[in-house]
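**Student:** pasting the structure only:
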Ligand code: PFF
């Protein structure tokens, strides 16, 4: 991230990105990951395809845009990472940064668990025929196995992340990513075109692209909002930190737009690749909607690859290798964030912080994993909250739910109130204007002051009432 140039921050010198593209690429490497390839397709499949897609896109270009501008400008203005950026305006605002900092600590463990699954699939294509990986129940028996295999893959993934971080070869990895990301796109387009030749895929394409407005529900909107935060790495302090490394004369607004287009484009493409194929494999959009969950990517794509015959193994390997790299760069940025939170918060050395984070993340990831296998028969405490669709939640889903559905909307709401009403949008607009005209200033002002906070409050209230059964929406 540091490219040799520095700026006078409030406290000493701060390394800066080499330019607009340095920022865009680093932020894109953090943004594009499992959220795009794994989480977006299963949520879109679950929540009505085209209806989810349209709500998601609207949220990204309005709410997501305003929040990303606010966070990056806040970072560039204060030249501090998240907790420092908020307390820059008064100690009493530090709690917003603290809440934001909690999010990566919750996400990283389960992110690494899924990273372990991706690693397993990548390696398995080298050692097994594609048809074995596509066999009925393969994924299910893998994640529920008590043999310790899932722990091994989790351990391998975390070890790679920690190794990269402690050796400081992050920049090298990000450079590799610049080559791999376009490959991932080409590959995804190829898989999409192939999937479209399958019988029934066209119904899937329609389901994914044509919105059915009757399917729009509070749960859909909440899911789309959580996904937007997750995928764009918003409401968790990451973009504040990235903004703090951004040069004063590079166009902030254009960079934000670029990240959004890139990240959303890849998510849409992942949906194109998976949803039509899923409908072709299961027979109907309803079957897909009813069964779509975290295992979607690991069940559907292997059966598409198996149909390719001998080439399936190579395609499967390359595909999971590309997803592995996308997941790795995101996991590195998540882990790195946790490390700096402990460094700054507890005033400890980087080495100590890496050790603490590794231990903490490992323990939480093991707990997530146990929820799928050894603890599967237990009725865990979280099912106390289990009302309606949350009754059957796994620990992983539960952690995902707490961070994406509860904490991130709260952090986003507090950020809007903070920027819109306390430090005032003009402060952010002036910061954006340091480098260019602020073309969408009006949109930004209205979003951050009124629409985004009111929308978030309403949607959360309806959501809670709906979940506890007080209203039926
Ligand atoms: N945005 C990433 C994804 O979609 O996979 C997840 C993520 C990565 C969140 C890095 C936060 C972060 F710092």
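**Tutor:** Great, that's in hand. These numbers were taken from a predicted model, which means no experiment stands behind them.

**Student:** if you skip the residues just before and after it, what's nearest to residue 139?
**Tutor:** Spatial nearest neighbour of residue 139, chain neighbours left out: residue 298 (4.4 Å); criterion: C-beta to C-beta, 6 or more residues apart in numbering. C-beta here means a position set from N, CA and C on the backbone, and glycine is covered the same way.

**Student:** count the neighbours of that neighbour for me.
**Tutor:** 21 (other C-beta atoms under 10 Å).

**Student:** give me every residue that touches it.
**Tutor:** Neighbour list for residue 298: 117, 121, 139 [criterion: C-beta atoms under 8 Å, 6 or more residues apart in numbering].

**Student:** got the residues of the stretch 201-350 of the chain near the ligand?
**Tutor:** Along the stretch 201-350 of the chain, the residues adjacent to the ligand under the rule C-beta under 6 Å from any ligand atom are 230-231, 233, 236, 238, 330, 333-334, 337.

**Student:** farthest pair within the residues you listed?
**Tutor:** Greatest spatial distance in these: 231 and 337, 15.9 Å, computed using C-beta to C-beta.

**Student:** list the helices and strands the helix or strand encompassing residue 181 packs on?
**Tutor:** Assessed by DSSP states H and E, residue 181 sits inside helix 170-195. With contacts taken as 3 or more C-beta pairs under 8 Å, 6 or more residues apart in numbering; DSSP states H and E, helix 170-195 sits against helix 20-31, helix 252-282, helix 296-306, helix 311-346.

**Student:** okay, the residues of the stretch 201-350 of the chain next to the ligand in a markdown table with pLDDT next?
**Tutor:** Below are these laid out as a markdown table (pLDDT from 0 to 100):
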| residue | pLDDT |
| --- | --- |
| 230 | 95 |
| 231 | 97 |
| 233 | 94 |
| 236 | 92 |
| 238 | 89 |
| 330 | 92 |
| 333 | 88 |
| 334 | 91 |
| 337 | 86 |
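
**Student:** of the residues you listed, which is the nearest to residue 414?
**Tutor:** Nearest to residue 414 among these, with distances taken as C-beta to C-beta, is residue 236, at 12.4 Å.

**Student:** what sits closest to that closest one if chain neighbours are left out?
**Tutor:** residue 103 (3.7 Å).

**Student:** ok, that neighbour to residue 235 distance?
**Tutor:** 7 Å (C-beta to C-beta, to the nearest Å).

**Student:** okay, now the closest residue to the ligand within the chain: neighbour count?
**Tutor:** Residue of the chain nearest the ligand, by C-beta to the nearest ligand atom: residue 35 (2.1 Å). Residues near residue 35, counting by other C-beta under 10 Å, number 27.

**Student:** doesn't residue 229 make contact with it?
**Tutor:** No - here residue 35 does not reach residue 229: they are 9.4 Å apart, not a contact under C-beta atoms under 8 Å.

**Student:** tell me where the stretch 1-150 of the chain has helices.
**Tutor:** 20-31, 34, 40-46, 50-59, 65-78, 82-87, 94-127, 130-134, 138-144, 149-167 (DSSP state H, counting those that start in this stretch).

**Student:** how far off centre is the second one?
**Tutor:** In this case it means helix 34. Between the centre of helix 34 and the centre of its host chain there is 6 Å, according to C-alpha atoms, centre = their mean, to the nearest Å.

**Student:** who touches that helix?
**Tutor:** Identification of contacts with helix 34 by C-beta under 8 Å, 6+ apart yields 111, 114-115, 118, 323, 326-327, 330.

**Student:** what do you get if the cut-off is 6 Å, keeping everything else the same?
**Tutor:** 114, 327 (C-beta atoms under 6 Å, 6 or more residues apart in numbering).

**Student:** cool, the fourth one as well?
**Tutor:** Surrounding helix 50-59, the residues in contact under the criterion C-beta under 6 Å, 6+ apart are 44, 209-212, 215-216, 220-221, 224-225, 228.

**Student:** then stretch 439-452?
**Tutor:** With C-beta under 6 Å, 6+ apart, stretch 439-452 has contacts from 62-63, 66, 69, 416, 419-420, 425, 429.

**Student:** same deal with stretch 404-413?
**Tutor:** The contact list for stretch 404-413 (C-beta under 6 Å, 6+ apart) reads 67, 99-100, 103, 222, 226, 229-230, 235, 453, 456, 460.

**Student:** redo that, cut-off 7 Å
**Tutor:** Here stretch 404-413 makes contact (C-beta atoms under 7 Å, 6 or more residues apart in numbering) with 67, 96, 99-100, 102-103, 222, 225-226, 229-230, 234-236, 453, 456-457, 460.

**Student:** could you do stretch 203-221 as well?
**Tutor:** 44, 47-55, 196, 271-272, 275-276, 278-280, 285, 459, 462-463, 466, 473.

**Student:** in that stretch, what's buried?
**Tutor:** 203-205, 207-209, 211, 216-221 (16 or more other C-beta atoms under 10 Å).

**Student:** could you do stretch 313-323 as well?
**Tutor:** Quick answer for stretch 313-323 (16+ other C-beta under 10 Å): 313, 315-323.

**Student:** repeat that for stretch 47-66.
**Tutor:** Going by 16+ other C-beta under 10 Å, stretch 47-66 has these buried residues: 47-57, 59-66.

**Student:** how far away is the spatially closest residue to residue 122 that is not a sequence neighbour from residue 133?
**Tutor:** Excluding the flanking residues, the one nearest residue 122 by C-beta to C-beta, 6+ apart is residue 320, at 3.9 Å. Here the distance between residue 320 and residue 133 works out to 10 Å (C-beta to C-beta).

**Student:** thought residue 403 was touching residue 107?
**Tutor:** Yes - look at residue 403 against residue 107 with C-beta atoms under 7 Å: they come within range, at 5.4 Å.

**Student:** pick out whichever of those two has more residues nearby.
**Tutor:** A direct count of neighbours by other C-beta under 10 Å for residue 403 and residue 107 places residue 107 higher, at 27 against 23.

**Student:** quick one: low-confidence ranges for the stretch 301-450 of the chain?
**Tutor:** Low-confidence segments of the stretch 301-450 of the chain, defined by pLDDT under 70: 377-393.

**Student:** and the nearest residue to residue 319 once chain neighbours are set aside, how far from residue 310?
**Tutor:** Excluding its sequence neighbours, the residue lying closest to residue 319 (C-beta to C-beta, 6+ apart) is residue 187, at 5.9 Å. Using C-beta to C-beta, residue 187 is found at 18 Å from residue 310.

**Student:** now residue 351
**Tutor:** For residue 351, the distance to residue 310 - C-beta to C-beta - is 48 Å.

**Student:** more neighbours, these two?
**Tutor:** residue 351 (11 against 8).
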